[in-house]
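K.L.:
Structure here, sequence nowhere to be found:
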């Protein structure tokens, strides 16, 4: 696909998803009020006053609008079946999240539907791309798992908006360099829509939450694009690097809770980003730390791609160091803040 066409596609997606992301909340918010979709804070919450949830419906619609626009008008000339399967993953994940916001879904049914979404997306892509069925179980698990990862990490203002912007931008870049219009469009649609959500999420006293509709949609969109990119032959470094901080935070927290015999699926305040807010960092500061670590890990990995094995090993060690520092940051700050280092 020619550079001019890629630029045109990128412009249309970014403008549509971004503008819709800014404006649709005005339409959706009255419905949230009518349906009484209010998040009441508990001891495990990171907020202290009731806040409207479910604004992810507007953000999801904005991303879908941008993506569908270039798909319908033919600006995605190749791998259109993959684009449609990514779109299915987005819509199905967002719809499940909206049901959870609106009326609640039993955990067993929720997990089964997440696995079903992963199965449809992965099997469809496997058939369309002619790849090995060996990867199907991995793809199914990856999609279901990352929907939950993003949902677990969506606990403070700004964190999901910044994650959508960062990962969407990284995947758009991967789509550009690999000449995959569907990935460029999907990444930009997510990035622009979640960037547009930030002003609604971080304004003092009047903020709103994505809710499960927005976090499920984000997790499903990212995971569906990741599976499609992997099966299409994109280097795994492009796909995995932007997700490592979220995976490290969620993975270590889950492991720690399982070892302690806790109910890992219950709400809690033991993620690294939550510990940072408990130590006095603002929501935006904690979300900024997560985002900075994500950008560093992604940049190190992508920059190291063209180089030889020796440099790649050095980059891997540097990435491991960034992840370790992020996970250890609450303990470091706690020790620095204690008198006489005690």
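P.N.:
Okay, I see it. Everything quoted here is computed from the prediction, not taken from an experiment.

K.L.:
Packing partners of the host helix or strand of residue 227?
P.N.:
Assigned by DSSP states H and E, residue 227 belongs to helix 211-231. When contacts are defined as 3 or more Cβ pairs under 8 Å, 6 or more residues apart in numbering; DSSP states H and E, helix 211-231 sits against helix 56-72, helix 80-102, helix 107-129, helix 136-153, helix 159-177, helix 181-202, helix 236-240. Glycine gets a C-beta too; all of them are placed from N, C-alpha and C.

K.L.:
any idea which of those helices is most buried?
P.N.:
A comparison of those by mean neighbour count, using mean count of other Cβ atoms under 10 Å, puts helix 181-202 on top with a mean of 27.

K.L.:
pLDDT of that helix, averaged?
P.N.:
Helix 181-202 comes out with an average pLDDT of 96.

K.L.:
Also stretch 76-84?
P.N.:
Average pLDDT, stretch 76-84: 95.

K.L.:
Quick one: end-to-end length of it, please.
P.N.:
End-to-end distance of stretch 76-84: 11 Å, with Cα to Cα, to the nearest Å as the criterion.

K.L.:
tally of neighbours for the spatially closest residue to residue 332 that is not a sequence neighbour?
P.N.:
With sequence-adjacent residues excluded and distances taken as Cβ to Cβ, 6 or more residues apart in numbering, residue 332 is closest to residue 325, at 8.0 Å. For residue 325, the neighbour count with other Cβ atoms under 10 Å is 12.

K.L.:
Read off the pLDDT value for residue 325.
P.N.:
Residue 325 is given a pLDDT of 98.

K.L.:
Now do the SS call for residue 156.
P.N.:
Recorded secondary structure, residue 156: coil (DSSP: H, G, I helix; E, B strand; the rest coil).

K.L.:
ok, and the closest non-adjacent residue to it?
P.N.:
Nearest one to residue 156, counting by Cβ to Cβ, 6+ apart, is residue 283 at 4.2 Å.

K.L.:
what's the answer for residue 120, then?
P.N.:
Nearest to residue 120 is residue 88, by Cβ to Cβ, 6+ apart, at 6.6 Å.

K.L.:
Tell me which residues touch the one you found, please.
P.N.:
Neighbouring residues of residue 88 by Cβ atoms under 8 Å, 6 or more residues apart in numbering: 117, 120-121, 124, 224.

K.L.:
Which members of these are the farthest-apart pair?
P.N.:
117 and 124 (11.0 Å; Cβ to Cβ).

K.L.:
helix or strand right after the helix or strand where residue 29 lies?
P.N.:
Per DSSP H and E, residue 29 falls inside helix 3-34. Downstream of helix 3-34, the first helix or strand assigned by DSSP H and E is strand 38-39.

K.L.:
what helices or strands is that next one leaning on?
P.N.:
strand 51-52.

K.L.:
roughly how far is the strand it packs on from the heart of the chain?
P.N.:
21 Å (Cα atoms, centre = their mean, to the nearest Å).

K.L.:
which outside residues touch it?
P.N.:
29, 32-33, 37-39, 41, 207-209.

K.L.:
What about these, which one has the most neighbours?
P.N.:
In terms of neighbours by other Cβ under 10 Å, the contacts of strand 51-52 top out with residue 209 at 26 neighbours.

K.L.:
Tell me the spacing between that one and residue 148.
P.N.:
17 Å (Cβ to Cβ, to the nearest Å).

K.L.:
Likewise for residue 222?
P.N.:
12 Å.

K.L.:
Any chance of JSON lines for the helices and strands packed on helix 211-231, columns distance to residue 11?
P.N.:
Converted to JSON lines, the helices and strands packed on helix 211-231 look like this (distance: least, Cβ to Cβ, whole Å):
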{"stretch": "helix 56-72", "distance to residue 11": "10"}
{"stretch": "helix 80-102", "distance to residue 11": "18"}
{"stretch": "helix 107-129", "distance to residue 11": "27"}
{"stretch": "helix 136-153", "distance to residue 11": "27"}
{"stretch": "helix 159-177", "distance to residue 11": "12"}
{"stretch": "helix 181-202", "distance to residue 11": "9"}
{"stretch": "helix 236-240", "distance to residue 11": "22"}
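
K.L.:
Of all those helices, which one comes closest to residue 269?
P.N.:
helix 136-153 (11.7 Å).

K.L.:
From residue 270, how far out is residue 330?
P.N.:
10 Å.

K.L.:
my bad, should have said residue 256
P.N.:
Residue 256 is 7 Å from residue 270, by Cβ to Cβ.

K.L.:
quick one, which of these two is more surrounded?
P.N.:
Per other Cβ under 10 Å, whichever of residue 256 and residue 270 has more neighbours is residue 270, with 16 against 12.

K.L.:
Give me the neighbour count for the closest residue to residue 142 other than its chain neighbours.
P.N.:
Spatial nearest neighbour of residue 142, chain neighbours left out: residue 223 (5.7 Å); criterion: Cβ to Cβ, 6+ apart. The tally of other residues near residue 223 (other Cβ under 10 Å) stands at 30.

K.L.:
need the contact list for residue 170.
P.N.:
187, 238, 241-242, 298, 302.

K.L.:
low-confidence ranges in the stretch 151-300 of the chain?
P.N.:
204-205, 264 (pLDDT under 70).

K.L.:
how about 80 then?
P.N.:
The stretch 151-300 of the chain contains residues with pLDDT under 80 at 203-207, 263-268.
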